[in-house]
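# need a 3D model of the following:
(2 chains)
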Amino acid sequence: DIVMTQTPLSSPVTLGQPASISCRSSQSLLHSDGDTYLSWLQQRPGQPPRLLIYKISKRFSGVPDRFSGSGAGTDFTLKISRVEAEDLGVYYCMQATQFPYTFGQGTNLEIK
Amino acid sequence: QVQLVQSGAEVKKPGASVKVSCTASGYTFTYNYMHWVRQAPGQGLEWMGWIYPNTGDTNYAQKFQGRVTMTRDTSISTAYMELSGLRSDDTAVYYCARLTAAIGSVENWGQGTLVTVSS
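Okay, here's the model as predicted:
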C-alpha cells in the first residue's frame, strides 16, 4: 500500500496569514495514464470530508482561490494564501493512483 | 444537485453484522463508482472498497476481504455496505462517496453513519 505522510500534524495559524501543509507518498503517484491522482480534502468538525483540490492542483467547483495545490511525483503541498475562520479543521491528502486508496494522517489547522 | 443520503446510526454487539445504505440522487447512479470509507472516533480516514453499480463489480481493501460485502439496487439508486464479524474496533462513522472518472477523486460524500459495536 502507498503510505501518505503529512507534515505538520498540527498547524496553529493566525487569521489572515498563510498556511502550508506538505504530503509525501511512499512511491510516485504518477499513473500510467499520465495523470497524478493526488487530492486534498477538508473536514470540519462533525462533517464529512469535502474535496478541495484534485489532480495535484485543480480546484474543485466552489473552492475559493486562496487554496492552491502543487507538487509532483512524491511531494505535494497545499497552500492557503490567507487563512479565514471557515478554513479551520482537518486537512487530508489522498491518493487514488493505486488501490487501496490511502490518506495522510490529517493536519489540524487551528487558531494560534 | 447530487446527494448521497445514508441510513441511520446503528448499535451492534460484537460478532454481529451491520448493513449501511446510501441512496443517490442528482446523477446517473449506475455510471459512477461508489466507494466506502470509514473513520474511527478521533481518527483519520480509511478506504474500504468500491462497487461499480452498472455491473456490480467490487474491489475490497485486503484488510476487509472476507468481512465486507458491497451490493447495490439500481432500481432505487442505492448502494449497500455490509460488514460482518463486528469487533469493538469497527466502531466508526462509515461514509459512502461518489468518485468520478472525470476528476479522479471523490466529488460527493454521504453524511456518514455511526456504527457502534458494544456488548
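
# list the contacts of B:D90.
Neighbouring residues of B:D90 by Cβ atoms under 8 Å, 6 or more residues apart in numbering or on different chains: B:83, B:115, B:117. Quick note: C-beta positions are derived from backbone N, CA and C, even for glycine.

# got the contact list for the residue most central in space within chain B?
The centre of chain B sits closest to B:W36, judged by Cα atoms, centre = their mean, with a distance of 3.4 Å. Contacts for B:W36 (Cβ under 8 Å, 6+ apart) come out as B:47-50, B:68, B:70, B:81, B:94-97.

# what's the answer for B:Y80, then?
Applying Cβ under 8 Å, 6+ apart, we find B:Y80 in contact with B:19-22, B:70-73.

# how much space separates A:K55 from B:D57?
Going from A:K55 to B:D57 by Cβ to Cβ, to the nearest Å gives 24 Å.

# higher neighbour count, the two?
A:K55 (17 against 11; other Cβ atoms under 10 Å in any protein chain shown).

# B:P53 against B:R72, yeah?
Yes. With contacts counted by Cβ atoms under 8 Å, B:P53 reaches B:R72, the gap being 4.5 Å.

# intersection of neighbour lists for the two?
Applying Cβ under 8 Å, 6+ apart, one finds that B:P53 and B:R72 are jointly contacted by B:29, B:34, B:79.

# quick one: contacts for the last one?
Contact partners of B:A79, counting by Cβ under 8 Å, 6+ apart, are B:21-22, B:24, B:34, B:51, B:53, B:70-72, B:96.

# go again using 7 Å as the cut-off
When contacts are counted by Cβ atoms under 7 Å, 6 or more residues apart in numbering or on different chains, B:A79 touches B:22, B:34, B:51, B:53, B:70, B:72, B:96.

# any idea which of these has the most stuff around it?
Result: B:C96 is most packed of these (other Cβ under 10 Å), 31 neighbours.

# looks to me like that one is in a strand.
Yes. B:C96: assigned to a strand according to DSSP: H, G, I helix; E, B strand; the rest coil.

# show me which of the contacts of B:W36 neighbour chain A.
Near chain A, taking Cβ under 7 Å from any Cβ of the partner chain as the test, the members of these found are B:47, B:95.

# which of the contacts of B:W36 lies closest to chain A?
B:W47 (4.4 Å; Cβ to the nearest Cβ).

# tell me who's in contact with the closest one.
Residues counted as contacts of B:W47 (Cβ under 7 Å, 6+ apart) are A:100-102, B:35, B:37, B:61.

# from A:E110, how far off is it?
Using Cβ to Cβ, B:W47 is found at 26 Å from A:E110.

# helix or strand next in line after the helix or strand hosting A:P12, which one?
Take DSSP states H and E as the rule and A:P12 turns out to sit in strand A:10-13. Per DSSP H and E, strand A:10-13 leads on to strand A:19-25 as the next helix or strand towards the C-terminus.

# what's in contact with that following strand?
Counting by Cβ under 7 Å, 6+ apart, A:2, A:4-7, A:11, A:13, A:74-80, A:83, A:91, A:93, A:95, A:104, A:107, A:109 sit against strand A:19-25.

# tell me which of the residues you listed fall in helices.
Among the contacts of strand A:19-25, DSSP state H puts none in helices.
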